[in-house]
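1. Sharing a sequence plus its predicted fold:
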Amino acid sequence: MRRILITGATSAIGSALAREYAAPDVTLILHGRREDVLARVARTCTARGAVVQRHCLDVRDGPALQVWLEGLGALDLVVINAGMNTHVGSKGEPEPWDEVDALLDVNLKASMRIAQTILPAMRARRRGQIAFMSSLAGYFGLPITPAYSASKAGIKAYGEALRGWLAPEGIHVSVIMPGYVKSPMCDSMPGPKPWVWTPERAAREIRRGLTRDRARISFPFPLNWGTWWLAVLPAALSHRIVRWMGYHPSR
């Protein structure tokens, strides 16, 4: 039976991924912070035939996170999806530091800790797959979400480095780079939101990319193509394009 861990399974993408992978030959280990939502997701996945384990935990609690992960045993796929966002104020106020601090703990440090904790079992078996949840904002920092962009660029680089390191050992690592996916977090973000996808469509694309062992799973086109170019073009030109598109605090 395939064993799959999904963190942040109460989020829009996380819950859609849980439903996407739910099947009679799968054990789903679902993590989230909201017990009521996690229970609903688990019931849906159980109805589809999966064996479901669920666990509520704040991933910023490093020692508790490590103890829980070490007790899970061998895992075939780990989707490190838990994350949060913050943004500058409408009049250009800085992002609140307590939110920035929490964001870096969740999006970057906890993601790295999860990977390091589950890796020994995968390396011992010489197989396994890890997926990190980055963002298209990891290509070029948006002026309305500096800390979020930084965290997603950091986890992109970390995941790509792990892929190069671990590939000879039979461990596959992918970085997921979504654009806008309909969710409360997406709705709360300022600025334009072109080519919004449903969580279900995003989950299907992520599963397809993981099945093909793609290094980067980025979507939707043409937004992924355009953000890649922002990273390649001279920074002055990229900043002008971003501002022209409406990504600045006054919008």
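-> Everything's here; your move.
2. Doesn't residue 131 lie inside a helix?
-> No: Residue 131: not assigned to a helix; according to DSSP: H, G, I helix; E, B strand; the rest coil it is strand.
3. By mean pLDDT, flag the weakest helix or strand of this protein.
-> Least confident helix or strand, the chain: helix 184-188 with a mean of 84, by mean pLDDT, DSSP states H and E.
4. helices or strands up against that one?
-> For helix 184-188, the packing partners by 3 or more Cβ pairs under 8 Å, 6 or more residues apart in numbering; DSSP states H and E come out as helix 12-21. Any C-beta I mention is one placed from the backbone N, CA and C, and that applies to glycine too.
5. So for residue 248, what's the pLDDT?
-> Residue 248 is assigned 79 on the pLDDT scale.
6. Contact partners for it?
-> Contact analysis of residue 248 by Cβ atoms under 8 Å, 6 or more residues apart in numbering lists 143-144, 191, 242.
7. Emit the ChimeraX select command for whichever of these are buried.
-> In ChimeraX syntax, the buried subset of those is picked out as below (16 or more other Cβ atoms under 10 Å):
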select :143,144,191,242
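8. chain center to the top helix by length along the chain, what's the gap?
-> Taking DSSP state H as the criterion, the chain has its longest helix at helix 146-166. On the basis of Cα atoms, centre = their mean, to the nearest Å, helix 146-166 sits 11 Å off its chain's mean C-alpha point.
9. need the next SSE after that helix, C-terminal direction.
-> Remark: after helix 146-166, the chain's next helix or strand is strand 171-178, criterion DSSP states H and E.
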